[in-house]
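Undergrad: show me the folded form of this:
(one chain, ligands or ions: 2)
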Amino acid sequence: MTTSDLIKQLFLSFHEKDNEAFFQAAREYIEHEKRKKHTMVAKELEKALYAANGSSERGKRFKNTLPIPRDTEKGFPLLEIQNFDISLDSLLISAETKQQLEQIIREFKDADVFATYNLINKRKILLCGKPGTGKTFSARIISSVLQIPLVYVRFDSIISSYLGETASNLRKVFDFVESGMWITLFDEFDIIGKNRDDNHEHGEIKRVVNNFLQMLDNIKGDSIILAATNHQYMLDPAIWRRFDDIIYYELPDENIRKALFELYLRPIKKDPDINLPKAVNMTHGLSPADIKMITEEAMKLSILDSRSCLRQDDIEKAINKFIRREKVKNNQMGDV
Ligand SMILES: Nc1ncnc2c1ncn2[C@@H]1O[C@H](COP(=O)(O)OP(=O)(O)O)[C@@H](O)[C@H]1O
Ligand SMILES: [Mg+2]
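TA: Ligands and ions are numbered 1, 2, ... in the order given. Next up is the predicted model:
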């Protein structure tokens, strides 16, 4: 088979969810690379192919992975398996927060040693803080660093639309998580906050939350469970107690904002007159995601202007555009 035949085979088997055919085509492709004496490539591919199926005790659990669970009524998938390659260095955050993340990663790696002391690594973690501060990003990083795929669950999509189905959906998600070793993220864990005012739904939501907490309490296996929310102040104390650790994502201070500008403007050549401290001052109160967006806009402005060099006014224009956009969003334009 030619390379393109093999790749086609990979794609087809992916669509047909035919694991065996997928594996066979992947193996053949690796052999193909070996024959071409691309030893390094073959090694990397082997590592990637077997990462999920590794020979370690933990890896073995993957073999019995269940099919992706779906909503019974509407048929949409309840979770997504994602793989990333992001290092912890890409997260610019206070030293304390970073240490907390590092400890979770190290505890996971040392779980076997802990066990001999009857200690259990931190497995249930609540990530909270304003939007765009790196909660979802952190889950991806933990999954990357530990080389364990991320099971991504949009908590509110499972719940809000079909309240009656919720318990069964949750059960399916937990069954899936228990069938393997994953980093699981229940993202947008905000349901309780959002619906608090709505008395009609409140009772039902409370039941859902209790249901979730019960499943969280009784979960089997060694997977790490993360839940991320922008509305931590609305969560019940009963929820807080269930987590082994709570990580709070602060808005970036001046130093971190400066580092964010430097990181995200790295791809482009800069005018020597650029005044980053001014940009840093102008972006007080903005999140890392906001700053990323601003830097992308600034780079686009300079590229559209056919300049090879980013100027201060590109950055300031982008900041002002962003601030205007936020005002529109928050209905602060002054019109009635
Ligand atoms: N602390 C951070 N350091 C560097 N980049 C960040 C940080 N926080 C967010 N970003 C960037 O912004 C994007 C969106 O952030 P995200 O993690 O989705 O925010 P949220 O806290 O709302 O989940 C990330 O994918 C990343 O590119
Ligand atoms: Mg998020």
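Undergrad: got the domain boundaries for the chain?
TA: Per the record, the chain has its domains at 3-51, 80-249, 254-329, by automatic domain parsing.
Undergrad: ligand 2 is nearest to which of those domains?
TA: domain 80-249 (3.3 Å; Cβ to the ion). Quick note: C-beta positions are derived from backbone N, CA and C, even for glycine.
Undergrad: quote the end-to-end distance of the closest one.
TA: Counting by Cα to Cα, to the nearest Å, you get 24 Å between the two ends of domain 80-249.
Undergrad: oh, and call the first residue 47 from now on, that's how I've got it
TA: Sure, I'll start numbering at 47, so the last one becomes domain 126-295.
Undergrad: pLDDT averaged over that domain - what is it?
TA: Averaged across domain 126-295, the pLDDT comes to 88.
Undergrad: how far off centre is it?
TA: 10 Å (Cα atoms, centre = their mean, to the nearest Å).
Undergrad: does that domain reach ligand 1?
TA: Yes - counting by Cβ under 6 Å from any ligand atom, ligand 1 is contacted by domain 126-295 at Leu137, Leu138, Ile139, Pro177, Gly178, Thr179, Gly180, Lys181, Thr182, Phe183, Ala274, Tyr295.
Undergrad: and these as CSV, adding secondary structure, neighbour count and distance to ligand 2?
TA: Shown next, in CSV, are the residues of domain 126-295 next to ligand 1 (DSSP: H, G, I helix; E, B strand; the rest coil; neighbours: other Cβ atoms under 10 Å; distance: Cβ to the ion, whole Å):
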residue, secondary structure, neighbour count, distance to ligand 2
Leu137, coil, 17, 13
Leu138, coil, 19, 16
Ile139, coil, 23, 14
Pro177, coil, 11, 7
Gly178, coil, 19, 8
Thr179, coil, 23, 9
Gly180, coil, 24, 8
Lys181, helix, 25, 5
Thr182, helix, 19, 3
Phe183, helix, 19, 8
Ala274, strand, 24, 6
Tyr295, strand, 25, 10
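Undergrad: excluding its backbone neighbours, what's nearest Ala157?
TA: Spatially, and ignoring its direct neighbours in sequence, Ala157 is nearest to Asn167 (4.4 Å; Cβ to Cβ, 6 or more residues apart in numbering).
Undergrad: can you give me the neighbour number for the one you found?
TA: Neighbours of Asn167 under the rule other Cβ atoms under 10 Å: 20.
Undergrad: what sits against it?
TA: By Cβ atoms under 8 Å, 6 or more residues apart in numbering, the contact set of Asn167 is Ile150, Glu153, Phe154, Asp156, Ala157, Phe160.
Undergrad: got it, and Ile292?
TA: Taking Cβ under 8 Å, 6+ apart, one finds Ile171, Leu172, Cys174, Gln278, Trp286 in contact with Ile292.
Undergrad: among the contacts of Asn167, name the buried ones.
TA: Ile150, Glu153, Phe154, Ala157 (16 or more other Cβ atoms under 10 Å).
Undergrad: right, and out of the contacts of Ile292, which lies closest to Asn301?
TA: Lowest distance from Asn301 to these (Cβ to Cβ) belongs to Cys174, with 22.3 Å.
Undergrad: I'd like to know how many residues surround that closest one.
TA: 21.
Undergrad: name the residues linked to it by a beta bridge.
TA: Using DSSP bridges, the bridge partners assigned to Cys174 are Thr275, Tyr294.
Undergrad: so it makes contact with Lys181?
TA: Yes - counting by Cβ atoms under 8 Å, Lys181 is a contact partner of Cys174 at 7.3 Å.
Undergrad: common neighbours of the two, please.
TA: Contacts common to Cys174 and Lys181, judged by Cβ under 8 Å, 6+ apart, are Ala274, Tyr295.
Undergrad: could the buried ones among the contacts of Asn167 go into a markdown table alongside secondary structure?
TA: As requested, the buried ones among the contacts of Asn167 are exported to a markdown table (DSSP: H, G, I helix; E, B strand; the rest coil):
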| residue | secondary structure |
| --- | --- |
| Ile150 | helix |
| Glu153 | helix |
| Phe154 | helix |
| Ala157 | helix |
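Undergrad: in stretch 282-296, what's buried?
TA: Neighbour-count burial for stretch 282-296 flags Ile285, Arg288, Phe289, Asp291, Ile293, Tyr295 (criterion: 16+ other Cβ under 10 Å).
Undergrad: do the same with stretch 73-80
TA: Buried, per 16+ other Cβ under 10 Å, within stretch 73-80: Tyr75, Ile76, His78, Glu79.
Undergrad: kindly report the same for stretch 140-158.
TA: Those buried within stretch 140-158 under the rule 16+ other Cβ under 10 Å are Thr143, Lys144, Gln146, Leu147, Ile150, Ile151, Glu153, Phe154, Ala157.
Undergrad: right, I'll leave it there.
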